[in-house]
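Chemist: what follows is a predicted protein model with its sequence.
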Amino acid sequence: MAEPHKNRFEPAPPAPRPGGIAARASGATRAPYLEGLNPEQREAVETLDGAVLVLAGAGTGKTRVLTTRIAHILRLGRARAGEILAVTFTNKAAREMKTRIGGMVGEVVEGMPWLGTFHSIGAKILRRHAELVGLKPDFTILDVDDQIRLLKQLLAAENIDEKRWPARVLATQIDHWKNRGLSPDQVSAGEAGAFANGRGKDFYTAYQARLKTLNAADFGDLLLETIRLFREHPEVLAQYQNRFKFILVDEYQDTNVAQYLWLRLLGQRPRDTTGGGGLVLRDAALRAAPQDEAGSMPVPGPRPEEPGRSPGVSKDVATKNAAPQKNICCVGDDDQSIYGWRGAEVDNILRFDHDFPGAKVIRLERNYRSTAHILAAASHLIAHNEGRLGKTLRSEGEAGEKVVVSSAWDSEEEARAIGEEIERLQRQGHRLNEIAILVRASFQMREIEDRFVTLGLPYRVIGGPRFYERAEIRDAMAYLRLVNQPADDLAFERIVNVPKRGLGDAALQCLHDFARAQGVPLLEAAHRIVATETLKPKPRGALRDLAAAFDRWREQRDVLPHTELAEIVLDESGYTEMWQKDRSADAAGRLENLKELVRSMEEFENLQGFLEHVALVMDTDRGEEQDAASIMTLHAAKGLEFDTVFLPGWEEGLLPHQRSLDENGRAGLEEERRLAHVGLTRARKNARISFVSNRRIHGSWTSSLPSRFLDELPEEDVEVLEGQGAFAGYGGYSNAYGSRFDTTAAFGSGYTTPGWRRAQQGRGAGAGAGAARDDFPQEYFNQDPAGRFENGSGSGTASSPTTRGRDATGPQNPGAGRNGFGGAASPRRAPLTIEGELVARSSGAPSAFSRGDRVFHQKFGNGTVRAVDGNKLTIQFDRAGEKRVVDSFLTKV
DNA sequence: TGAGCAAGTCTTTTT
DNA sequence: GACTTGCTCA
């Protein structure tokens, strides 16, 4: 096993010890990398055999443990670098791990070929065995944009009304199925029937078939097809099972079912492979669990213990596959699971010990990042969640400053306050690099950016519009893809008439028909059709030239360096010229981007490698070293830390986000709470939360209420400031420029000001005003949905023709504002609708409505019942479009 | 065929 | 408010 070997990660010469080197593991005690680990971390690093789950709370040294563990394995010679499978969730994390391991072992990173994201490793495996799943090794990886265009074509071909079933929605659904590890034949009839006029399943099948003919795979396929490969070809699976001696998984709480299945397969010992049947079982269990179980619950309330949600099944599966296990180590934090919307199954981590019986669970609870106040606030907040494994973060640092909560009249003022505070910090010598503004939704960034621009405050937006998503980059990429892979019809369609070649709809339709008739890709069809009289002379000539050009480029591909090829392609196709001639303002920038694209190609060995990178990584790693404040979403902030963190927008509807509540009810709320928790725990020294009374949404002003999460922060760790400019009305505005946060009056003892109380009451909306804290959501959920708008203390949607719309620059009417947080008297948007929750626990009882009924809905108006599913109805609203609604919200007309 | 304008949509998070 | 789509007209 531990035979001596040579590799790049050959351990550094052991520290000199008297008596020579023992072969025991303890030989590593002197290893410098183990020094400074606390006992739990050390245990997590040194427990190499069997299954290990490391529950690593925020700031407890998770990445350090992972990387040290790898270094340790290498150093002990338990495996070579190529025998360790280390999967991360994001490219960023993979990159960081590579760097850190490199630093630790003192070598370059290339030595870890199987360290990467699930998707990149999946793609790597899939390329090696592509033929076995009906692809060629050079298959194209489609992004969402391509997917949608493909689906649109299919919709048209299948004669499905795109208005009713937007391609985007179908793409999401298919993605969802794939996340759950379901191939078309595994999708239950009922579920598939609800889509595309009952043809959901056929549609999914057709989509997959189309991908195969295009020699393409979407993101989901990178996992799903690998799973299929493993299942259908045990010998291939065995090959990888033998290869990987150790498996490490980062952010395990973010894995979805497909990723789970993928890991299970690889995590078994070679002979175990027939146990694959058991996986399907678990798979089926998960498929059934979420909706149906919730649906049968009569009253909202604590769910049955999360980890045991389908104890019967999962136990069976666990026992069945209990046999020998690989050395698998999963690191994660259930409190940081924020990707449920993308199919992540917190369950995976919650029942790790069911899946890996005898697994060792190690908790890392010592937080080295944040001060005690920040940590206490975050812990108290997250304790409101129910489905948790439970960890208590302990601070290893000092008490520090309290978490600051402040308010502002509107989002512009909030941005102004943040800008001022940052300038103040800057004057005190804080570095901008150590400051971050974390928002819930990207639209919040705009006002903040605007303000920073005005102030001349350097900032950078992380995860903003991406380089590879820009139109000119995608066009250029399409050319290159097509050179690389002539069957890439999507690429062909994208560029066939860019720049304009006079190939309009008519000509393209003709070409399509021709291609279909001949059963060849479009580019090939182009070659053939120009030899016929089918097209008119002008388009025919254009098409002939284009096809000939691709022939030429393809020949050059094999002889020229790929960067040179790219320049030739962009040049000869007329694409560069098109932008040079363009008079619009951003043309220059686009040309610059194209140059940047070609430049970035230099880092790759060949075209194929470059295309792979673009498909999977999607961002350029341009490390701007300038000192600048970071603006990003809460999601993007996971894994990062800053001295000072601003958390604007803690308002109902934004954090927690309305849509999350609507779609996922209580589970959605808990995920939002985790998001808030992630935000707080990013801060080392200062956390500054703010909320506003008025926010601009869709360009018009909407009033809002403070987030319920504010109530869930412990008073003793929070300092509440009342922004001076916040409620002072117009006059206060000018003052606000000169005012400081810290010149404002504190609230005295926490949450006792009249304004705050009123805000609370307004929020209770008839559900019992005292309802705050823990019992609040409960009360809220129990409200009679129909009565909501009548007894909602005048705060229903219907009664809020927003008076704010009248001034374009901001809601400057001081009237309501003076009272406090907007005051209960000001017009409000409807208190949280929680339809998602109601949908989720719909009973199976037959509905009083039937198809074709005309109905009325308080919020959406009149509509027609399109489908009935228990008490969940699909309604085509006359004005609001199609919605799924619970029947209790409806009255017959 | 393509430009220009009007209307409509959608704004959470991403490999 | 920003963007896409659809429509009309030259």
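Modeler: Received, thanks.
Chemist: tell me which parts of chain A are close to DNA strand C?
Modeler: By CB under 7 Å from any atom of the strand, the residues of chain A that approach DNA strand C are A:162, A:698-699. (Each C-beta comes from the backbone N, C-alpha and C, glycine too.)
Chemist: of those residues, which are in range of DNA strand B?
Modeler: Answer for the residues of chain A next to DNA strand C near DNA strand B (CB under 7 Å from any atom of the strand): A:698-699.
Chemist: what is the one helix or strand A:G103 maps to packed up against?
Modeler: With elements taken from DSSP states H and E, the one containing A:G103 is helix A:91-105. Under the contact criterion of 3 or more CB pairs under 8 Å, 6 or more residues apart in numbering; DSSP states H and E, helix A:91-105 touches helix A:62-76, strand A:84-88, strand A:115-117.
Chemist: list the pairing partners of the second one within its sheet, with orientation.
Modeler: Take DSSP bridges as the rule and strand A:84-88 pairs in its sheet with strand A:115-117 (parallel), strand A:246-249 (parallel).
Chemist: let's have these in JSON lines, adding mean pLDDT and mean neighbour count.
Modeler: Shown next, in JSON lines, are those (pLDDT from 0 to 100; neighbours: other CB atoms under 10 Å):
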{"stretch": "strand A:115-117", "mean pLDDT": "92", "mean neighbour count": "23"}
{"stretch": "strand A:246-249", "mean pLDDT": "94", "mean neighbour count": "24"}
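Chemist: show me the one of those that comes nearest DNA strand B.
Modeler: Among these, strand A:115-117 comes nearest to DNA strand B, with 3.8 Å by CB to the nearest atom of the strand.
Chemist: ok, that closest one near DNA strand B or not?
Modeler: Yes. Contact of strand A:115-117 with DNA strand B (CB under 7 Å from any atom of the strand) involves A:T117.
Chemist: next structured bit after that strand?
Modeler: Next helix or strand after strand A:115-117 toward the C-terminus (DSSP H and E): helix A:118-128.
Chemist: wait, doesn't A:A683 sit right on A:A637?
Modeler: No. Using CB atoms under 8 Å, A:A683 is not in contact with A:A637, being 10.2 Å away.
Chemist: just to revisit the earlier point, most tightly packed of the helices and strands packed on helix A:91-105?
Modeler: When these are scored by mean count of other CB atoms under 10 Å, the highest mean neighbour count falls to strand A:84-88 (a mean of 26).
Chemist: return the alpha-carbon coordinates of that strand using PDB.
Modeler: Output of strand A:84-88 as PDB, limited to C-alpha atoms (Å, rounded to 0.1, in the frame of the first residue of the first chain):
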ATOM      1  CA  ILE A  84      -6.800  11.600  -4.200                       C
ATOM      2  CA  LEU A  85     -10.200  12.800  -5.300                       C
ATOM      3  CA  ALA A  86     -11.000  16.200  -3.900                       C
ATOM      4  CA  VAL A  87     -14.200  17.800  -4.900                       C
ATOM      5  CA  THR A  88     -15.200  21.300  -4.300                       C
END
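Chemist: other residues contacting that strand?
Modeler: Here strand A:84-88 makes contact (CB atoms under 8 Å, 6 or more residues apart in numbering) with A:66, A:70, A:73-74, A:94, A:97, A:112, A:114-118, A:121, A:244-251, A:263, A:266.
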